[in-house]
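Participant: predicted coordinates and the sequence they were generated for:
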Amino acid sequence: MASPKARQRGDASSGTLADQAYQKIRSRILEGVYPLGSALSRRVLASELGMSFLPISEALQRLEHDGLVESRPRAGTRVRVPAVEEVLERYQLREALETQSARLFTVNATKAQRAAVLSLAKRVDKLYLRLLEAPAHGPENLNFQTEHMGFHARIAELSRCHLLRVALEREQVLIFNAVLDVASNQRDLPQDFHLNLAEALVSGDVQKADAAMRAHINYGQSAVIKAVPKPDPRRWRMTVRQGNSKG
């Protein structure tokens, strides 16, 4: 099985065929190639990835466990479409976990760790500027979202609360947020959006860090909710491209 770092990078060069299929399909979801509601045909994926059905099926099962895809008997598999109520609850969960991470980071991070988070924030903002110049769906989305998730995961790690970090991972908080960001194609973040957050975190002011993280998480929430397709049981299959096959 691929290492945690390889999974975060979307590195498809290591692990079993099922690992590779998992990473490739996951990456395409984060790139926006497979948007919310798009059909994921095992036959088409096996052909595109040059694999048999077995690793594709194992990969889709893992992605379903992650909450990224959903399946129905005799209907197939698609990129999961969350209900608006779930999106709102996910925002509430993320806010609760990450504001606590921010508060603990402010208290516990060392001088060197604060400097590292500032550096990470600058990198994320730089990647976002590159994203603005790139096509709506492509590898720039994956690069940005991978670094963005890493930035927030690092803050949680440096909070020194192991259970808090585990909760973020177990509930798939960051990956769920990344998928929603890609779905909304948000291209209007304020200048130095992540650097401003990082500066609040390293300020030593717990209340300032809490407020900054809360505002950061909830920015653009209404646009994200509007971008989520309304579930329609009569249209379970929504294809990515013309001629996408069933299977």
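Facilitator: Received, thanks.
Participant: contacts and neighbour counts: CA atoms only from here.
Facilitator: Noted.
Participant: buried ones in the longest helix along the chain?
Facilitator: Assignment by DSSP state H gives helix 84-108 as the longest helix of the chain. For helix 84-108, a neighbour-count test (16 or more other C-alpha atoms under 10 Å) marks 84, 87, 90-91, 94-95, 97-108 as buried.
Participant: run the chain-centre distance for it.
Facilitator: Computed by C-alpha atoms, centre = their mean, to the nearest Å, the separation of helix 84-108 from the middle of its chain amounts to 15 Å.
Participant: list the buried residues in the following helix or strand past that helix.
Facilitator: Using DSSP states H and E, the helix or strand that follows helix 84-108 in sequence is helix 111-132. For helix 111-132, a neighbour-count test (16+ other C-alpha under 10 Å) marks 113-114, 117-118, 120-125, 127-129, 131 as buried.
Participant: again with stretch 149-157
Facilitator: Buried-residue list, stretch 149-157, by 16+ other C-alpha under 10 Å: 149, 150, 151, 152, 153, 154, 155, 156, 157.
Participant: quick one: low-confidence ranges for the protein?
Facilitator: 1-14, 231-247 (pLDDT under 70).
Participant: all helices of it, in order?
Facilitator: Counting by DSSP H, the helices of the chain are 4-9, 17-31, 42-49, 53-66, 84-108, 111-132, 139-158, 162-170, 173-184, 193-201, 206-218, 221-227.
Participant: what's the angle from the fourth one to helix 173-184?
Facilitator: If I follow you right, that is helix 53-66. The directions of helix 53-66 and helix 173-184 differ by 100 degrees, with axes from the mean of the first three to the mean of the last three C-alpha atoms, to 10 degrees as the criterion.
Participant: how long is stretch 23-37 end to end?
Facilitator: 19 Å (C-alpha to C-alpha, to the nearest Å).
Participant: same question, stretch 100-120
Facilitator: 20 Å.
Participant: wait, residue 79 sits on residue 66?
Facilitator: No - applying C-alpha atoms under 8 Å as the test, residue 79 and residue 66 come out as separate, 11.3 Å apart.
Participant: looking at the two, which one has more neighbours?
Facilitator: residue 79 (25 against 15; other C-alpha atoms under 10 Å).
Participant: what residues are up against the more buried one?
Facilitator: 29, 34, 35, 36, 37, 38, 39, 40, 68, 69, 70 (C-alpha atoms under 8 Å, 6 or more residues apart in numbering).
Participant: now the fifth one, nearest residue through space, not along the chain?
Facilitator: Right, the one you point to is residue 37. Among residues not flanking residue 37 along the chain, residue 79 sits closest, at 5.0 Å (C-alpha to C-alpha, 6 or more residues apart in numbering).
Participant: for residue 195, see how far away that neighbour is.
Facilitator: 32 Å.
Participant: ok, back up a step: now the helices of the chain in JSON lines, with distance to residue 74?
Facilitator: As requested, the helices of the chain are arranged in JSON lines below (distance: least, C-alpha to C-alpha, whole Å):
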{"stretch": "helix 4-9", "distance to residue 74": "31"}
{"stretch": "helix 17-31", "distance to residue 74": "21"}
{"stretch": "helix 42-49", "distance to residue 74": "13"}
{"stretch": "helix 53-66", "distance to residue 74": "15"}
{"stretch": "helix 84-108", "distance to residue 74": "25"}
{"stretch": "helix 111-132", "distance to residue 74": "38"}
{"stretch": "helix 139-158", "distance to residue 74": "32"}
{"stretch": "helix 162-170", "distance to residue 74": "30"}
{"stretch": "helix 173-184", "distance to residue 74": "26"}
{"stretch": "helix 193-201", "distance to residue 74": "44"}
{"stretch": "helix 206-218", "distance to residue 74": "38"}
{"stretch": "helix 221-227", "distance to residue 74": "27"}
